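Asks: My questions are about this predicted structure, shown below with the sequence.
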Amino acid sequence: MSDLAQYSDLLIKDGALAIDVGAQPQLTNTRASIAQDVKHMLMESGLVTKLLAQRSATMRSDVYTEMELLIETDNRLVPGSIELDIAKPELITITATTYEFGQLTLDINTAEVTYATATS
């Protein structure tokens with residue numbers, strides 16, 4: 001199996017499936033697919049939402065550590081290579097090194113987090 005086929009996924013842009021001009025879903029692969037998986041893993045874990053609720057710098061730091069530990073569980077990434085850069089509270093830049101494709105960088109904008117509402 002080629003590396004492209006091994007790490008291929010549907011491309012998600014702005015929370016929706018990306019469609020090409022032929023109305024077919026677009027694909028992403030290699031480094032971009034891994035970055036997308038990491039972003040979705042963090043969003044689905046609830047840690048980004050938990051981060052929004054924290055006002056204490058100490059508690060925010062704990063959430064950042066939880067995020068790093070969660071990202072470390074992805075076996076496509078080199079352990080210890082994950083770094084979170086928090087230049088602004090609403091933007092987290094994550095850099096990590098993959099085994100096959102080198103370094104990847106992704107941004108998580110906490111302002112884009114949507115909240116699921118419970119249905120009865």
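Replies: Everything's here; your move.
Asks: Could you pull out the strands in the protein for me?
Replies: Applying DSSP state E to the chain gives strands spanning 8-10, 12-13, 16-17, 27-29, 83-88, 91-98, 102-109.
Asks: Tell me, please, the helix or strand in the protein that averages the lowest pLDDT.
Replies: Of all helical and strand segments in the chain, the minimum by mean pLDDT, DSSP states H and E falls on helix 3-6, at a mean of 59.
Asks: coming back round to it: include mean pLDDT when you put the strands of the chain into CSV, please.
Replies: Putting the strands of the chain into CSV (pLDDT from 0 to 100) gives the following:
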stretch, mean pLDDT
strand 8-10, 78
strand 12-13, 82
strand 16-17, 79
strand 27-29, 84
strand 83-88, 90
strand 91-98, 94
strand 102-109, 91
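Asks: And the residue nearest the centre of this protein?
Replies: With distances taken as C-alpha atoms, centre = their mean, K39 lies nearest the centre of the chain, 1.1 Å away.
Asks: Quick check: closest non-adjacent residue to that one.
Replies: L106 (5.6 Å; C-beta to C-beta, 6 or more residues apart in numbering). For every residue, glycine as well, the C-beta is placed using N, CA and C.
Asks: who's the one you found bridged to?
Replies: For L106, the beta-bridge partners are I94 (DSSP bridges).
Asks: Now do it against L42, distance only.
Replies: Using C-beta to C-beta, to the nearest Å, we find L106 at a distance of 9 Å from L42.
Asks: And the pLDDT at Q54?
Replies: We have a pLDDT of 83 for Q54.
Asks: Just list the residues touching it, thanks.
Replies: Applying C-beta atoms under 8 Å, 6 or more residues apart in numbering, we find Q54 in contact with 60, 63.
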